[in-house]
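# Any chance you can model this:
(one chain, ligands or ions: 2)
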Amino acid sequence: MNGQTSSSPPTQNSPPATRPTMPPRKYWLWFAIVLLVNFLITSYLFPGDSPITVPYTVFRDEVGKGNVSAIYSRGTGIEGRFKAPVTWPPPAPAKEPGQPAPQRQRPLPGENHGPSRTATTFTTELPAFFDRNLESFLLQHDVEISAVPLQQGSTLATLLFGFGPALLIIGFYVWMYRRAAKQGGGMGGGLGGGLFGIGRSKAKRYDAADAAHRVTFEDVAGIDEAENELVEIVQFLKNPQKYTRLGGTAPKGVLLIGAPGTGKTLLARAVAGEAGVPFFSMSAAEFVEMIVGVGAARVRDLFKQARDNAPAIIFIDEIDAIGRARGQIAIGGASEQEQTLQQILTEMDGFTGREGIIVLAATNTPDVLDRALLRPGRFDRRVVVNLPDKAGRNAILQVHVRKVPLAADVSLEELAQATPGFSGADLKNLVNEAALLAARRDEASVQQKDFLDALEKIVLGPERPLLLSRDDRERIAYHESGHAVLGLVVPGADPVHRVSIVPRGQALGVTYQRPQTDRYNYPEAYLRARIVGMLGGRAAEELVYGTRTTGAENDIEQATNLARNMVTRWGMSDAIGLVQLAPPQNQFLGTSGFGGGEKPFSEQTAARIDAEVHRIIHACHEDAKRLLDEHRSSLEGLVRALLQKETLSEQEILDATGLPPAPELQSRPLHDLTQHTP
Ligand SMILES: Nc1ncnc2c1ncn2[C@@H]1O[C@H](COP(=O)(O)OP(=O)(O)OP(=O)(O)O)[C@@H](O)[C@H]1O
Ligand SMILES: [Zn+2]
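Residues are numbered from 1 along each chain as shown. Ligands and ions are numbered 1, 2, ... in the order given. Here you go, the predicted structure:
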């Protein structure tokens, strides 16, 4: 029973920590398979070539029968070749019915007691009492006595047997490096790969002429400020002389800073596309691979490629993977990262400014970067790429629906409003999910309903087919109606868009409240209104059943967080005052922590914080119960409609409750009606 979901949605596009394109694990597996195949081939092709070991007496018998063609002797060991294949040990006689199985004699030590094998070559040992007659006996029976080891099998077989594994392994390595080199995008073919390809950068290259891949500012929307800052870079790439004419130096490096999926890569590609120059891109995580020294070699190669094709853009994604301040790097990867970073700095320092090469790099954790990277002449320009606002989201949606047939009822405006906190990548994903859903429903075009269902799926996870009892369903309906009714009656609450008692992901039901506009500054009364709404589910259950369930866990968690922030961050408790008691939040990735671990306040202060959090929550809980009691008939009306239809739209909610939309917050609410003195 999830409460409001108006807080920022889970980001869909967070990058994996590292993205090695050549997982070593896979290659070891291949290696093992090659060895195994090699073994099987040799043992199948030349089974007779592994000699059997026979007792001396058997050897003598075979010589006597004239079945031995040649031998070679060294010390007491004899190797030789039979004329006709011999099987040893003799196969056990088939057991006849009615007779006891023949007793097997215990083998002597050293006696061949493995399974029977048939072979044309053999080895044997001379007994300690040397058989003086052996030589004449052998000569009598036309046995060739050789002074050099007998060649076993044909020359070809020997060659294959001897060199086969080595050839296979070498072939395998060549193939592997070819592949590794090919993965460097379109560069592979002409440059060849071979054994030396490993130090070659695997940069992806998109050419200006490559129309299918060309990205321009047309494709980038909703992040106009960042875009505007990069227009100058485009100008510079198009006409470098104009800028350096009066002795000014060209920009070398630009750092793009922003949350995952905000379009940093897209922006970099658009700069290249607009300027009509080739774009070499690489993820820093890929620089650091299994073999020491490879990272630096790749950097060298990447810059060389760019210089050969200048003017050009080099884009390094996730630069924090190698650009971490020294000392912050985990042991082990340190020297490799340092070398790679050093190589980048060297390359950038080597620019005279006339090459027409600009390095763009992206990160979402700028504070961990090594100072050396940020010095003048390196990444001295920073462009912040923010999450898009409502108008920006609308513009981004427009970019991504360009190739999607839309039904007449689709309102991108409404979707933009319903998606605060979504990045460009999230919005792209939303359009894609909606199109897939419409296709699955065999619709001719994508309808608003498809978008809303896709949104619900993205934020909360797919529908979960749970068989709920009648009582459970009713209880969930009261819980969600509690949230929804308070969303309508508490002044300043976010409008309620949708209520549903269809289980999804972790939630058994859900009430959607989305702010009318993006908020950057939250009034205290609004925060209290939210806490009251969050506690509405539990309050309704208490009011109707007089008992409690676990269903409010998530609501309680959210309400507590909000109340704690009010006290420790935003100075909204008179008892505590205007003191910062919680670490600031990382603009791009959430809380960053005080560092050092130790809380910078006393036990007494901790107790006072807890007391204040309790006071706020308690007051809001009381308000929730009182307001629901006052609007009991609206609550009952909504529950009836929910049990019947499961999911209600904004209009259906207003109809079922008989309530008008929530009143706007008064401009000076000071102590609004949610304020309550216990
Ligand atoms: N502002 C935007 N306008 C249009 N499309 C966008 C925008 N931002 C992101 N997208 C879409 O999302 C995709 C992924 O974005 P992109 O890879 O550029 O984000 P990023 O900031 O580089 O993310 P990461 O930090 O994860 O590398 C883009 O290819 C594009 O289709
Ligand atoms: Zn709830």
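# isn't residue 515 right up against residue 418?
No. If you go by C-beta atoms under 8 Å, residue 515 and residue 418 don't touch, sitting 9.9 Å apart. Every residue, glycine included, has its C-beta placed from N, CA and C.
# excluding its backbone neighbours, what's nearest residue 70?
Spatial nearest neighbour of residue 70, chain neighbours left out: residue 144 (3.9 Å); criterion: C-beta to C-beta, 6 or more residues apart in numbering.
# do the same with residue 240
Per C-beta to C-beta, 6+ apart, closest to residue 240 is residue 356, 5.0 Å.
# got it, and residue 347?
Of all residues apart from its sequence neighbours, residue 303 sits closest to residue 347 (C-beta to C-beta, 6+ apart), at 4.4 Å.
# Whichever strand or helix holds the one you found packs against which elements?
Per DSSP states H and E: residue 303 is located in helix 294-308. On a contact count with 3 or more C-beta pairs under 8 Å, 6 or more residues apart in numbering; DSSP states H and E, helix 294-308 meets strand 279-283, helix 284-287, strand 312-317, helix 334-350, strand 357-363.
# Dump those to a markdown table, plus mean neighbour count and distance to ligand 2.
Converted to a markdown table, the helices and strands packed on helix 294-308 look like this (neighbours: other C-beta atoms under 10 Å; distance: least, C-beta to the ion, whole Å):
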| stretch | mean neighbour count | distance to ligand 2 |
| --- | --- | --- |
| strand 279-283 | 23 | 41 |
| helix 284-287 | 24 | 39 |
| strand 312-317 | 26 | 39 |
| helix 334-350 | 18 | 46 |
| strand 357-363 | 27 | 37 |
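# As CSV, these with mean pLDDT would be great.
CSV is the format used below for the helices and strands packed on helix 294-308 (pLDDT from 0 to 100):
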stretch, mean pLDDT
strand 279-283, 86
helix 284-287, 72
strand 312-317, 90
helix 334-350, 80
strand 357-363, 91
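# Export those as JSON lines, with columns for distance to residue 454.
Shown next, in JSON lines, are those (distance: least, C-beta to C-beta, whole Å):
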{"stretch": "strand 279-283", "distance to residue 454": "29"}
{"stretch": "helix 284-287", "distance to residue 454": "30"}
{"stretch": "strand 312-317", "distance to residue 454": "28"}
{"stretch": "helix 334-350", "distance to residue 454": "40"}
{"stretch": "strand 357-363", "distance to residue 454": "28"}
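# Now that the residue nearest to residue 347 has come up, it's in contact with residue 310, right?
No. Residue 303 lies out of contact with residue 310 (C-beta under 8 Å); the separation is 10.3 Å.
# tell me, what's touching these two both at once?
When contacts are counted by C-beta atoms under 8 Å, 6 or more residues apart in numbering, residue 303 and residue 310 have residue 357 as shared neighbours.
# Between these two, point out the one with more neighbours.
residue 303 (25 against 16; other C-beta atoms under 10 Å).
# Pull up the gap between that one and residue 250, please.
16 Å (C-beta to C-beta, to the nearest Å).
# and the stretch 401-550 of the chain, which of its residues are near ligand 2?
Neighbours of ligand 2 within the stretch 401-550 of the chain, by C-beta under 5 Å from the ion: residue 537.
# what about 6 Å?
479, 483, 537 (C-beta under 6 Å from the ion).
# So which of these is the closest to ligand 2?
If you rank those by distance to ligand 2 using C-beta to the ion, residue 537 comes first, at 3.2 Å.
# picking that back up, the residue nearest to residue 240: neighbour count?
22.
# can you pull the contacts of it?
For residue 356, the contact set (C-beta under 8 Å, 6+ apart) comprises 237, 240, 250, 277, 310-312.
# again, but for residue 71
78-81, 138, 143-146, 150.
# swap the cut-off to 10 Å and go again
For residue 71, the contacting residues are 59, 63, 78-81, 122-124, 134, 138, 143-146, 150, by C-beta atoms under 10 Å, 6 or more residues apart in numbering.
# For the closest residue to it other than its chain neighbours, give the beta-bridge partners.
In space, and not counting its chain neighbours, residue 71 is closest to residue 80: 3.7 Å by C-beta to C-beta, 6+ apart. Counting by DSSP bridges, residue 80 is bridged to residue 71, residue 122.
# With residue 72 as the reference, measure out to residue 80.
Residue 80 is 7 Å from residue 72, by C-beta to C-beta.
# ok, which stretches of the stretch 501-650 of the chain are helices?
Remark: helices assigned in the stretch 501-650 of the chain by DSSP state H, counting those that start in this stretch are 524-534, 536-545, 553-568, 603-630, 632-645, 650-657.
# In JSON lines: those helices, plus mean pLDDT, distance to residue 166 and mean neighbour count.
Putting the helices of the stretch 501-650 of the chain into JSON lines (pLDDT from 0 to 100; distance: least, C-beta to C-beta, whole Å; neighbours: other C-beta atoms under 10 Å) gives the following:
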{"stretch": "helix 524-534", "mean pLDDT": "93", "distance to residue 166": "70", "mean neighbour count": "25"}
{"stretch": "helix 536-545", "mean pLDDT": "96", "distance to residue 166": "71", "mean neighbour count": "24"}
{"stretch": "helix 553-568", "mean pLDDT": "93", "distance to residue 166": "62", "mean neighbour count": "19"}
{"stretch": "helix 603-630", "mean pLDDT": "94", "distance to residue 166": "70", "mean neighbour count": "17"}
{"stretch": "helix 632-645", "mean pLDDT": "95", "distance to residue 166": "73", "mean neighbour count": "18"}
{"stretch": "helix 650-657", "mean pLDDT": "92", "distance to residue 166": "74", "mean neighbour count": "18"}
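# can you list these in JSON lines and add distance to ligand 1?
Formatted as JSON lines, the helices of the stretch 501-650 of the chain follow (distance: least, C-beta to the nearest ligand atom, whole Å):
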{"stretch": "helix 524-534", "distance to ligand 1": "28"}
{"stretch": "helix 536-545", "distance to ligand 1": "35"}
{"stretch": "helix 553-568", "distance to ligand 1": "26"}
{"stretch": "helix 603-630", "distance to ligand 1": "35"}
{"stretch": "helix 632-645", "distance to ligand 1": "35"}
{"stretch": "helix 650-657", "distance to ligand 1": "28"}
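# closest one to residue 346 among those helices?
helix 553-568 (45.4 Å; C-beta to C-beta).
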